[in-house]
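Chemist: Here's a sequence, model it:
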Amino acid sequence: MVEKIIDRALTSLRANMVEINREQWLKDAEECEKAGSIATCQAIIRAVIGVGVEDEDRKHTWMDDADSFSADGVHECARAVFAHALTVFPSKKSVWLRAAHFERAHGTRETLETLLQKAVAHCPKAEVLWLMGAKSKWLAEDIPAARSILSLAFQANPNSEDIWLAAVKLESENMEYERARRLLMKARSSAPTARVWMKSAKLEWQLGDIDKGLELLNEAVTVYDDYPKLWMMLGQIREQAGQMDQAREAFGHGVKKCPHAIPLWNLMARLEVRSGHIIKARAILEKARLKNPQCPELWLEAVRVEIQGGLKDIANNLMAKAMQDCPGSGILWAEAIFMEARPQRKTKSVDALKRCEHDANVLLAVSKLFWTERKLQKATHSSLHVTMPPCLPACLAGCRASRLSGLLAGCRACWLSGWLPDRLPVGLASQLSGCFAGWLPGCLAGCQAAWLAVGLPAYLALLYPPTYSKLSIVKKKITNLFLHVCKSFFNAHCSKCNYSEYSSYQELNEFID
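Modeler: All right, here's what the predicted structure looks like:
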């Protein structure tokens, strides 16, 4: 009925030569949603969404409209725009993806899964849509449904590397290792890629079958000798097995085949450092810089090699050359700040901010500088810039550096471990579980979980140099409460990743217990 009334109103206005102002009608739809008239706002959008829009501009204009509605908090209007766009462009993968991301952010799991079921029916070759559906089921702990979705995805995309590896990940993270092995064996025969071979060797390595891992890697590097991760893993496994000469040989072959793989050069140099051959490591890094000029990662590694060898003067000279070669590198400026004597660090940090104002590494280094000097208010003011749950002060809002670079997301845990013991009022301790439940799971996703296990004890030791045991009774209780919360999140969110096999998890257990 509402839709008929809107259509008749627009027909009457056109018959009386009244211009239809699309923007005004869309604003009226927003007002209707805010007033609780959902059916009316959806009817208005369906009626006027195409008014004054050229056919070739429809997709772009409608996506902009949906983004605008979403930013204004009128999600039903945005949902109506996506629904109309999908009826016009049912085979456009990008539109389905935008709608799926919207539902994941603002809808429920049921609405997301319903949308993805329609999406894969219209775009069966869109692997990412299948993977999103399987992940949604997995996060809901419906493993059989996730397997069913991936089996249908195999039928639509029989040789897809991403789907094969997603199935392997599903099985391995649910500790179905034999299933994962069988899947990888089939993948190596039906969809052989360097990544599939790498994942196969990595699984065997993690399960402790080093001989099988070496066998897979030796076979893989003969076919995919230009894939640097294979050479990295081969060298690391041989080093773990105590085969130092073979590890050097693997890294040597790797840098010949992949001369621009910076991590491979760094691993080769670190092997020599651990063997006590600083001169060899220095020569390796000099050769790497010749093949990869103006590479800040190589300069940084060379500086750290000299510092580890106790040659601070040489490290300072190298840093000066590095700053001349890469004057805008944030990682070099961040390292340079803490290479200075304490009185000069503030001046160096000012220079770093002038050169790299928006670099995540520099922002984190400056914040840590304030932190180590116990200027916690300045540290939080200069580095925190995101909204957090209302039960904690704004300075626990997440790290600006983390916002600038996903690679530095672990710095949130760094801040929490340092800020909580010193600043959190005892009265807020009972609210920890509620606020962390909405925020920490994202921080604990993937490898960042392992960061917490290692980072918390390390940073607590940094904050309180004498001994952890010398904290006051109140600080001890709050700190232990926070660590128990972290441990519970490990059990709830990371047990599927089998982090309990890693020593960092055991260290966290020992640290708490």
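Chemist: Only C-alpha atoms from now on, for both contacts and neighbour counts.
Modeler: Fine.
Chemist: can you pull the contacts of Phe82?
Modeler: 62-63, 66, 95, 99 (CA atoms under 8 Å, 6 or more residues apart in numbering).
Chemist: any idea how far the closest residue in space to Ala29 that isn't next to it in sequence is from Val74?
Modeler: In space, and not counting its chain neighbours, Ala29 is closest to Cys41: 4.3 Å by CA to CA, 6 or more residues apart in numbering. Taking CA to CA, to the nearest Å as the criterion, Cys41 is separated from Val74 by 10 Å.
Chemist: Then Leu332?
Modeler: 45 Å.
Chemist: Kindly report the same for Met132.
Modeler: 24 Å.
Chemist: And Glu23, by the same measure?
Modeler: From Glu23 over to Val74 the distance is 15 Å, taken as CA to CA.
Chemist: rewinding a little: between Leu332 and Val74, which is the more surrounded one?
Modeler: Leu332 (24 against 19; other CA atoms under 10 Å).
Chemist: Does the more buried one touch Met323 like I think?
Modeler: Yes. The pair Leu332 and Met323 qualifies as a contact (CA atoms under 8 Å) at a distance of 7.1 Å.
Chemist: How many neighbouring residues does Trp138 have?
Modeler: When counting by other CA under 10 Å, one arrives at 17 neighbours for Trp138.
Chemist: Might you report the residue contacts of it?
Modeler: By CA under 8 Å, 6+ apart, the neighbours of Trp138 are 145-146, 170.
Chemist: Against Glu23, how distant is the residue of the chain most remote from its centre?
Modeler: Note on the chain: the largest C-alpha distance from the chain mean falls to Asn16, namely 56.1 Å (CA atoms, centre = their mean). Computed as CA to CA, the Asn16 to Glu23 distance reads 20 Å.
Chemist: Same question for Glu215.
Modeler: Counting by CA to CA, the gap from Glu215 to Glu23 is 65 Å.
Chemist: again, but for Leu129
Modeler: Counting by CA to CA, the separation of Leu129 from Glu23 is 32 Å.
Chemist: again, but for Ser12
Modeler: Distance from Ser12 to Glu23, counting by CA to CA: 19 Å.
Chemist: repeat for Val168
Modeler: 49 Å.
Chemist: Outside of the host helix or strand of the residue nearest to Ala29 itself, list whatever touches it.
Modeler: Element membership for Cys41, per DSSP states H and E: helix 38-48. For helix 38-48, the external contacting residues (CA under 8 Å, 6+ apart) are 2-3, 6-7, 22, 25-26, 28-33, 76-77, 80-81, 84.
Chemist: Tell me the buried residues within the residues you listed.
Modeler: Buried subset of these (neighbour count, 16 or more other CA atoms under 10 Å): 3, 6-7, 22, 25-26, 28-30, 32-33, 76-77, 80-81, 84.
Chemist: Grab the nearest non-local neighbour of Glu113.
Modeler: Gly133 (6.2 Å).
Chemist: and the one you found, what does it touch?
Modeler: Neighbours of Gly133 in contact, by CA under 8 Å, 6+ apart: 113, 116-117, 146, 149.
Chemist: ok, those residues vs Arg179, which is closest?
Modeler: Using CA to CA, Ala146 comes nearest to Arg179 of the contacts of Gly133, at 14.4 Å.
Chemist: picking that back up, and the residue nearest to Ala29, how close does it get to Ala83?
Modeler: 13 Å.
Chemist: which one of these two has more residues nearby?
Modeler: Set Cys41 next to Ala83 and count neighbours by other CA under 10 Å: Cys41 wins out with 28 against 19.
Chemist: For this structure, give me the ranges with low pLDDT.
Modeler: Applying pLDDT under 70 to the chain flags the ranges 7, 14, 18, 374-513.
Chemist: Any idea how far the helix or strand hosting Glu33 is from the middle of the chain?
Modeler: Following DSSP H and E, one finds Glu33 within helix 22-34. On the basis of CA atoms, centre = their mean, to the nearest Å, helix 22-34 sits 37 Å off its chain's mean C-alpha point.
Chemist: what inclination does that helix have with respect to helix 38-48?
Modeler: Calculated by axes from the mean of the first three to the mean of the last three CA atoms, to 10 degrees, helix 22-34 forms an angle of 170 degrees with helix 38-48.
Chemist: Counting by contacts, list what helix 22-34 packs against.
Modeler: helix 38-48, helix 75-88 (3 or more CA pairs under 8 Å, 6 or more residues apart in numbering; DSSP states H and E).
Chemist: I'd like to check the angle between that helix and helix 75-88, please.
Modeler: Going by the same axes, to 10 degrees, helix 22-34 makes 120 degrees with helix 75-88.
Chemist: Can I get helix 22-34 in PDB? Just the C-alpha atoms.
Modeler: The C-alpha coordinates for helix 22-34 follow below in PDB (Å, rounded to 0.1, in the frame of the first residue of the first chain):
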ATOM      1  CA  ARG A  22      15.900  13.600  -6.100                       C
ATOM      2  CA  GLU A  23      18.100  14.900  -3.300                       C
ATOM      3  CA  GLN A  24      15.200  16.200  -1.400                       C
ATOM      4  CA  TRP A  25      13.300  13.000  -1.700                       C
ATOM      5  CA  LEU A  26      16.300  11.000  -0.400                       C
ATOM      6  CA  LYS A  27      16.500  13.400   2.500                       C
ATOM      7  CA  ASP A  28      12.800  12.700   3.200                       C
ATOM      8  CA  ALA A  29      13.600   9.000   3.100                       C
ATOM      9  CA  GLU A  30      16.300   9.600   5.800                       C
ATOM     10  CA  GLU A  31      13.800  11.400   8.000                       C
ATOM     11  CA  CYS A  32      11.300   8.600   7.600                       C
ATOM     12  CA  GLU A  33      13.800   6.000   8.800                       C
ATOM     13  CA  LYS A  34      14.700   8.200  11.800                       C
END
